[in-house]
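Peer 1: Any chance you can model this:
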Amino acid sequence: MSNKISLCMIVGNVAEYIERCLRSFAPVADEIVLVRAIGAAKPDDTQAIAMRACRELGKPLVWGEYKNKPEHADWPHVDNFAAARQMSFDLAMNDYCFWCDSDDILESGAEHVRAHAAAAKFDAHVFPYKISTLGVSIPRERLVNRRAGRWQYPVHECFTFNVEPVSGPHDDRVVILHAPLMTKTGSNERNLRILRSITDDEMHPGLLYHLHGELQGIGDTDGSIKAAMRAFEDPRLGRPERYEMLLNIARMTTDPAQRETLLHEAYKTDPTRREALGSLSGNALDFGKPDLALAYAQQMRATPPP
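Peer 2: Numbers count the residues shown, from 1 in each chain. So this is what the prediction gives:
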């Protein structure tokens, strides 16, 4: 396996981001692969800025263009994130690909990424992803062997391995920060357009989970609950998605008794998580039952954080 790394990205019209991103991630990259995916939108200066930055950084640049399906030719945005991201992997020359988005920054750990690639022991390496706008950090596979799987799902895409790998250690020294400008808008409308274009037979329960969330985001409570009900009927639905949707539906209901039932169902789905217990404690206070609220709160505090 090659121990060199291809930095792979989808780019839109991101002239305001691209140089910051490339200079941040350049220390991990032996080549930079950019695939522009903008649908019917008119290109901005992203390509010219990227070409100049890569020359100054001494990094070879591979440029690709993802085109929407003919039936989506008039969309002003990409119609399939997985297909566009897969194109970036297919254009890469190296076995290891490190992927990011143009509004991400490598906060720390470039030397450790290099060390993992040089050791070449694992197909997947997991690093924390700090989402500044939400104040959370989640683990994501970032450095992967591109031959070990493919990108799937048109929106909220994920890299699906041919054989579930033994990951390398979760290296908390490598930190990627998601740092978009606060003026960024339109993602909800775009995601809903993509999700609604997916046929029923292609609608994986994970995509129904995202449809549920997007509809909740625009205030369509009935549509959001219907999407969740469809997902609950599919045996492929993952435990985290089931848990999150039960919590979301519990927040939507105004009936404390119904909310309690939903939160208990969430807790049964995953007793290792604490959120349902915290919500049950607050709900018990709404019932006027402080002793029960205290019991839930004590159990929440006794449960280790994720």
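Peer 1: which residues of the stretch 101-250 of the chain fall in helices?
Peer 2: Taking DSSP state H, counting those that start in this stretch to define them, one finds helices in the stretch 101-250 of the chain at 110-119, 187-196, 205-217, 221-232, 239-252.
Peer 1: and of those helices, who's closest to I138?
Peer 2: With respect to I138, and counting by C-beta to C-beta, the nearest of the helices of the stretch 101-250 of the chain is helix 239-252 at 10.9 Å. Glycine gets a C-beta too; all of them are placed from N, C-alpha and C.
Peer 1: Kindly calculate the angle that the closest one makes with helix 221-232.
Peer 2: Using axes from the mean of the first three to the mean of the last three C-alpha atoms, to 10 degrees, one finds that helix 239-252 and helix 221-232 are set 150 degrees apart in direction.
Peer 1: Which strands and helices lie in contact with helix 239-252?
Peer 2: Helix 239-252 sits against helix 205-217, helix 221-232, helix 256-269, helix 275-286, with contacts defined as 3 or more C-beta pairs under 8 Å, 6 or more residues apart in numbering; DSSP states H and E.
Peer 1: CA-only coordinates of the last one, as PDB, when you get a sec.
Peer 2: What follows is helix 275-286, C-alpha atoms only, in PDB (Å, rounded to 0.1, in the frame of the first residue of the first chain):
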ATOM      1  CA  GLU A 275     -30.200  12.100  27.000                       C
ATOM      2  CA  ALA A 276     -33.500  10.300  27.500                       C
ATOM      3  CA  LEU A 277     -32.900  10.200  31.200                       C
ATOM      4  CA  GLY A 278     -32.400  13.900  31.400                       C
ATOM      5  CA  SER A 279     -35.500  14.500  29.400                       C
ATOM      6  CA  LEU A 280     -37.500  12.100  31.600                       C
ATOM      7  CA  SER A 281     -36.300  14.100  34.600                       C
ATOM      8  CA  GLY A 282     -37.600  17.300  33.200                       C
ATOM      9  CA  ASN A 283     -40.800  15.700  32.100                       C
ATOM     10  CA  ALA A 284     -41.400  14.400  35.600                       C
ATOM     11  CA  LEU A 285     -41.100  17.900  36.900                       C
ATOM     12  CA  ASP A 286     -43.800  18.900  34.400                       C
END
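Peer 1: For it, what is the distance to the chain centroid?
Peer 2: Put simply, helix 275-286 sits 28 Å off its chain's centre (C-alpha atoms, centre = their mean, to the nearest Å).
Peer 1: Next secondary structure element downstream of it?
Peer 2: Going down the chain from helix 275-286, the next helix or strand is helix 290-302, by DSSP states H and E.
Peer 1: ok, residues contacting that following helix?
Peer 2: Residues lying outside helix 290-302 but in contact with it, judged by C-beta atoms under 8 Å, 6 or more residues apart in numbering, are 274, 277-278, 280-282, 284-285.
Peer 1: List just the nearest of those residues to Y153.
Peer 2: Taking the contacts of helix 290-302 together and measuring to Y153 by C-beta to C-beta, the closest member is R274, at 28.5 Å.
Peer 1: picking that back up, go through the helices of the stretch 101-250 of the chain and name the closest to A50.
Peer 2: Ranking the helices of the stretch 101-250 of the chain by their distance to A50 (criterion: C-beta to C-beta) puts helix 110-119 first, at 19.2 Å.
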